[in-house]
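A.B. asks: Turn this into a structure:
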Amino acid sequence: MTEQQRIHKALAAIIQATEQSSSQWIIGGSTSLMLRGIPLAADPRDLDIYCDDEDMDDLYEALSSFAIDEPVISVTDMYRSRLCHFTVHEVQVELVGGFRVQAGGNIYETMVRKLLLPFSDHAYLEGSALAASVVPLAHELWFNYLRGRADRVDMIVQAFAESPSKHEGALAAIEQNNVFTIEAKRSLHHLISAGEVGGL
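C.D. replies: Residues are numbered from 1 along each chain as shown. Okay, here's the model as predicted:
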């Protein structure tokens, strides 16, 4: 079984375990890029799913049979979130609640219900009729820009350039509801424009 097949199997189990819950979650990180068909240098090491802080406890309860720890607040120089971990069909899963990124005067909060889900895409799972929500590409663009992952930013900009109008709404909503410096926005939009020109 390939890593992608394992992740699809784990996602199917997560969808089934949480289907009775009113809480919402969405796939982020390298798995979200893989599910979009964006080529990665290596398979994702784990599966990241995001939720709002208020949905964390309910989702943890729904997935508790897979749990390897309990939700804890995690704070670093750049990140703040509540985290817990699961093993689902041999896939390491990290549930991230209330994720906040702060870097260089920029503050970005992953508002799942308000921003990410309304602009999400859907990944259909192999061998089933199930689909999972995937973060908008604009989220991955800002997230990787703020954490200095130029390799990922370049890759995402190329995907963005294939259909810029599809992603502009999510980009505008994320920027309107978060705090980004003028310099950061100018720099990121320059990268997007250069990618669009390069893709012509």
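
A.B. asks: From now on I want contacts and neighbour counts done on CA atoms only, so please keep to that.
C.D. replies: Noted.

A.B. asks: Am I right that Gly127 sits in a helix?
C.D. replies: No: Gly127: not assigned to a helix; according to DSSP: H, G, I helix; E, B strand; the rest coil it is coil.

A.B. asks: So what are the sheet partners of the strand or helix carrying Val101 and their directions?
C.D. replies: Using DSSP states H and E, Val101 sits within strand 91-103. Using DSSP bridges, the strands paired with strand 91-103 are strand 47-51 (parallel), strand 79-88 (antiparallel), strand 106-109 (antiparallel).

A.B. asks: Might you list the low-confidence residue ranges for this structure?
C.D. replies: 197-200 (pLDDT under 70).

A.B. asks: Ser32 is in contact with Ser133, isn't it?
C.D. replies: No: using C-alpha atoms under 8 Å, Ser32 makes no contact with Ser133, being 9.0 Å away.

A.B. asks: okay, the two: which has more neighbours?
C.D. replies: Ser32 (25 against 21; other C-alpha atoms under 10 Å).

A.B. asks: one step back: which stretch among the strands paired with strand 91-103 comes nearest Ala67?
C.D. replies: strand 79-88 (4.3 Å; C-alpha to C-alpha).

A.B. asks: OK, contacts around Leu146?
C.D. replies: For Leu146, the contacting residues are Val101, Gln102, Ala103, Asn106, by C-alpha atoms under 8 Å, 6 or more residues apart in numbering.

A.B. asks: so Ala161 is in which element?
C.D. replies: Applying DSSP H and E, one finds Ala161 within helix 150-162.

A.B. asks: Tell me which other helices or strands that helix touches.
C.D. replies: helix 137-146, helix 182-199 (3 or more C-alpha pairs under 8 Å, 6 or more residues apart in numbering; DSSP states H and E).
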